[in-house]
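Enquirer: sequence first, then the predicted structure, then my questions.
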Amino acid sequence: MSDLTVFAESLIGTVARAFYEDDAIFLIDVLLRDKFLRDDDMGPRLSLPAKQLRRTLQFLQEEHLVRFELVDDLSEGGSQTTKFWYIDYNHAVNTIRLRIFLLRQKLLQDEM
């Protein structure tokens with residue numbers, strides 16, 4: 001793993017612990033450790049009901065911290081498409097940088 005990936009993982013984990021609720025922190029920790037996961041695999045690991053898991057994943061997607069990719073199992077003999085959730089480090093870090101910039105701008109405006 002490159003040094004930048006380690007720094008990105010550290011930043012995302014720190015931001016999650018500072019600003020988000022426990023369910024979101026657990027999900028981010030699992031995704032940082034395992035990289036790609038199906039939502040059916042995450043539920044039993046975290047002991048979360050499916051509805052709460054989907055709600056938290058949707059929230060993190062709206063916050064631009066996680067993304068999903070649809071994988072077609074039909075080509076491999078499966079019966080459906082599956083969502084694999086992951087953290088796009090580049091996009092998540094850029095989102096955090098934008099939020100810090102906007103926060104600084106607001107603080108500077110409030111000082112004047």
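Expert: That came in fine, so what should we check first? This structure is a prediction, so every number in the text was calculated from the model and none was measured. Numbers count the residues shown, from 1 in each chain.
Enquirer: what residues does the helix or strand hosting Arg17 touch?
Expert: Element membership of Arg17 [criterion: DSSP states H and E] is helix 3-19. For helix 3-19, contacts defined as Cβ atoms under 8 Å, 6 or more residues apart in numbering pick out Ala24, Ile25, Ile28, Asp29, Leu32, Leu65, Ile87, Tyr89, Asn90, Ala92, Val93, Ile96. (C-beta placed from N, C-alpha, C; glycine too.)
Enquirer: ditto for stretch 61-80
Expert: 12, 16, 20, 27-28, 31, 57, 60, 81-88, 91-92, 95.
Enquirer: for the closest residue to Tyr86 other than its chain neighbours, give me its contacts.
Expert: Nearest residue to Tyr86, sequence neighbours excluded (Cβ to Cβ, 6 or more residues apart in numbering): Phe36, at 4.9 Å. Contact partners of Phe36, counting by Cβ under 8 Å, 6+ apart, are Phe84, Trp85, Tyr86.
Enquirer: from those, which would you call buried?
Expert: Trp85 (16 or more other Cβ atoms under 10 Å).
Enquirer: out of the contacts of Phe36, list just those in strands.
Expert: Phe84, Trp85, Tyr86 (DSSP state E).
Enquirer: pretty sure the second one is touching Met42, no?
Expert: Yes. The criterion here is Cβ atoms under 8 Å, and Trp85 meets it with Met42 at 7.3 Å.
Enquirer: low-confidence stretches in the chain?
Expert: 1-2, 74-79 (pLDDT under 70).
Enquirer: so which residue is smack in the middle of it?
Expert: For the chain, the residue nearest the mean C-alpha position is Val66 (3.0 Å; Cα atoms, centre = their mean).
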